[in-house]
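Provided below are the primary sequence and the corresponding predicted coordinates.
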Amino acid sequence: MAYQLYRNTTLGNSLQESLDELIQSQQITPQLALQVLLQFDKAINSALAQRVRNRVNFRGSLNTYRFCDNVWTFVLNDVEFREVTELIKVDKVKIVACDGKSKYSSNYCESKATSNLVFCWCLFV
Amino acid sequence: MACINPVPKLYRSVIEDVIEGARHLFAEEGVEEQVLKDLKQLWETKVLQSKATEDFFRNSIHSPLFTLQLPHSLHQTLQSPTASLVIPAGRTLPKFTTAELGTSNSRENLAFSGYPIHVPAGVTLQTASGHLYKVNVPIMVTQTSGRASILQHPVQQVIQQLGQPSVPQLNPCCLQATTEKAQRMETVLQQPTILHSGTEDRKHLEKATCDTLVPPGNEHKIASEALLSQPESSQYIGLPGVVFPPQVSQTDSNVEPVVSVSASMIQNLHGGPLFKGPQGTRDQHVSDVQLHLLKNRKFECDSVKQPRNIEEPSSLPVSEKGSNSQMDLSIQVTDDDINEIIQIDGTGDTSSNDETGSTRDVDENEFLGIIDAGDLKVLEEEADSISNEDSTTNSSDNEDSQIDIVEEDPLNSGDDVSEQDMSDLFDTDNVIVCQYDKIHRSKNKWKFYLKDGIMCFGGRDYVFAKAIGDAEW
């Protein structure tokens, strides 16, 4: 089962919105929409793994970090992203990362990462 | 340098895969094929509407939308291995709708990476607004962010306005390019004039003349109707007239009005629910006002306190109980001051001072509990020597509260800061969803080894197979 992590992206959200519209107009059932989303999870995971080849480097300052349910959530400030072709600067970025080695906690990745609930808060005092 | 943005192609492939994969699901459910097509269309439209895919059409130009309508036969010729070839061949490119304009809130923008577009002669360009431009001679349209734009003179002669309407729709695009926050304000759609960072680049406006390209044989009938109906409801409306003349090539004379109009538009746009910036400033203003009011109250309390302090020594000989009451009053006043200060920090509302525990957080209550016990005993002993009436308990409570408040402020001040940050900290437009290979930390130096990620910065999407980062905490 693939990570549902990517549902909260432009592509994933637009798919969910489209499915919601079809559900509203009762053209599809919610169950079917869920199946489509699962299909999306598979497709996006596979596409990213196989069709994307570029590398990015970045540097910034770490504001916060959180590790809960094997999901890392970082907030960085004043970050520069460097690709071969371009440089992107942002003042704040949130990174949500699921374990790249294990694919079994797909549900957690999605819910915990996007819920912002503080279960394990690590701070140096 | 040929830098092809992989995002649109990737997204297209994912959409295709999902639709194909869902086909049998739909069939099993007994849902019609048309619904699947509707889903695909809705999905593609939404993706296009977002800024995520600057060039869903694989146009690599830093400019707002281009929709190219070409005869099919031309696609073959357009395809060339050179980087200047922008137009993807053989595809039906969905039109950009200007529906986005109305709904966009300045978030929707299609931007292309900055590559020159070479438009051969004989091409008919149709803007989203319905204007048709026929290119008589080959033109080169380049758009760069911050770099000189080169707008070919032939454009003026080349472009003949064939079509019509919704000129106003062009305006927003132009305007937004010139805004300071042009990047966010770009709802452009199809106006080539707009650039991401095109504040100082009036020349970019010239470029705008580049036409929006509409793919031929496009099934999505967008937007001319949408466009026509759009502008009145869009926030860009205020544009009095067409700032964007069909004769693009005119330069500064046309640019000036555009810029000026944009200024007004910017104001209009700021008025709208565009993004957090203006709202943030408004909030800041409100908080400042509140702070000012609180400070005033504090000064009033101070003035009140002075006479009390004068009174206290005189009350001493009367009775300790009386003095305690005086002190209680002053303590209460002090509490007011302190509480008001605390409110400035944002810990709570302005509830009664006596109820020290009620307006505080749980942590503070715990401290209160600890301190209360100890202080209470001490104060009770003192109070017993004076009297063992209710007043002593009250005074002890008040003293406890004073002591508690004084001790807790420095303890909690640091917590307050971080608590406030929490709610806003994770609310950002710039998000990366990915997987991690390894996260390493050495003292406060962190290293990130990430993979298979999708990045979204200000609405624009990027992807990476691997990302390596450093950060210091």
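The structure has been received and is ready for your questions. Nothing here was measured: the structure is a model prediction, and the numbers come from that model.

ok, what's across the strand from A:V56?
B:A467 (DSSP bridges).

isn't it right next to B:F457, touching?
No: no contact is recorded between A:V56 and B:F457 when judged using CB atoms under 8 Å, the distance being 11.6 Å. Just so you know, the C-beta spots here come from the backbone N, C-alpha and C atoms, and that holds for glycine as well.

what sits in contact with each of those two?
The overlap between the contact sets of A:V56 and B:F457 (CB atoms under 8 Å, 6 or more residues apart in numbering or on different chains) consists of A:F81.

buried residues of stretch A:64-72, list them for me.
A:64-68, A:70-72 (16 or more other CB atoms under 10 Å in any protein chain shown).

ends of it, what's the gap?
Distance between the boundary residues of stretch A:64-72 (CA to CA, to the nearest Å) amounts to 11 Å.

next one: it to chain centre, how far?
On the basis of CA atoms, centre = their mean, to the nearest Å, stretch A:64-72 sits 13 Å off its chain's mean C-alpha point.

that one close to chain B?
Yes: with CB under 8 Å from any CB of the partner chain as the measure, stretch A:64-72 is seen reaching chain B through A:64-65, A:67, A:72.

switch these over to JSON lines; also include pLDDT and secondary structure.
Formatted as JSON lines, those follow (pLDDT from 0 to 100; DSSP: H, G, I helix; E, B strand; the rest coil):
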{"residue": "A:T64", "pLDDT": "92", "secondary structure": "strand"}
{"residue": "A:Y65", "pLDDT": "93", "secondary structure": "strand"}
{"residue": "A:F67", "pLDDT": "94", "secondary structure": "strand"}
{"residue": "A:W72", "pLDDT": "94", "secondary structure": "strand"}
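
ok, so of the residues you listed, who is nearest A:M1?
A:W72 (20.2 Å; CB to CB).

surely that closest one meets B:I439?
Yes: applying CB under 8 Å, one finds A:W72 in contact with B:I439, separated by 5.8 Å.

what touches both of those two?
Listed as contacting both A:W72 and B:I439 by CB under 8 Å, 6+ apart are A:A97.

sorry, back to before: any idea which of the residues of stretch A:64-72 next to chain B is the one closest to A:I23?
Compare each of the residues of stretch A:64-72 next to chain B with A:I23 using CB to CB and the shortest gap goes to A:W72, at 33.1 Å.

quick one, strands of chain A?
Listed in chain order, the strands of chain A (DSSP state E) span A:55-68, A:71-82, A:87-99.

host element of B:F26?
helix B:6-29 (DSSP states H and E).

next secondary structure after that helix?
Next helix or strand after helix B:6-29 toward the C-terminus (DSSP H and E): helix B:33-49.

now for that next one, which elements pack on it?
Judged by 3 or more CB pairs under 8 Å, 6 or more residues apart in numbering or on different chains; DSSP states H and E, helix B:33-49 is in contact with helix A:10-24, helix B:6-29, helix B:99-104.

so which of those helices is the most surrounded?
Highest mean neighbour count of the helices and strands packed on helix B:33-49: helix B:99-104, a mean of 24 (counted as mean count of other CB atoms under 10 Å in any protein chain shown).

now do the longest helix seen in chain A: distance to the chain's middle.
Longest helix in chain A, counting residues (DSSP state H): helix A:30-51. Taking the mean of its C-alpha atoms, helix A:30-51 sits 13 Å from the chain's own mean (CA atoms, centre = their mean).

now do that helix and helix A:10-24, the angle between them.
160 degrees (axes from the mean of the first three to the mean of the last three CA atoms, to 10 degrees).

on the C-terminal side of the host helix or strand of B:V433, identify the next helix or strand.
Using DSSP H and E, B:V433 falls within strand B:431-442. On the C-terminal side of strand B:431-442, the closest following helix or strand by DSSP H and E is strand B:445-457.

elements contacting that following strand?
The contact analysis (3+ CB pairs under 8 Å, 6+ apart) places strand B:445-457 against helix A:10-24, helix A:30-51, strand A:55-68, strand A:71-82, strand A:87-99, strand B:431-442, strand B:460-472.

pLDDT below threshold where in chain B?
Along chain B, the model assigns pLDDT under 70 to residues B:1-4, B:51-410, B:413-428.

let's see 80
B:1-6, B:50-429 (pLDDT under 80).

fine by me, we can end here.
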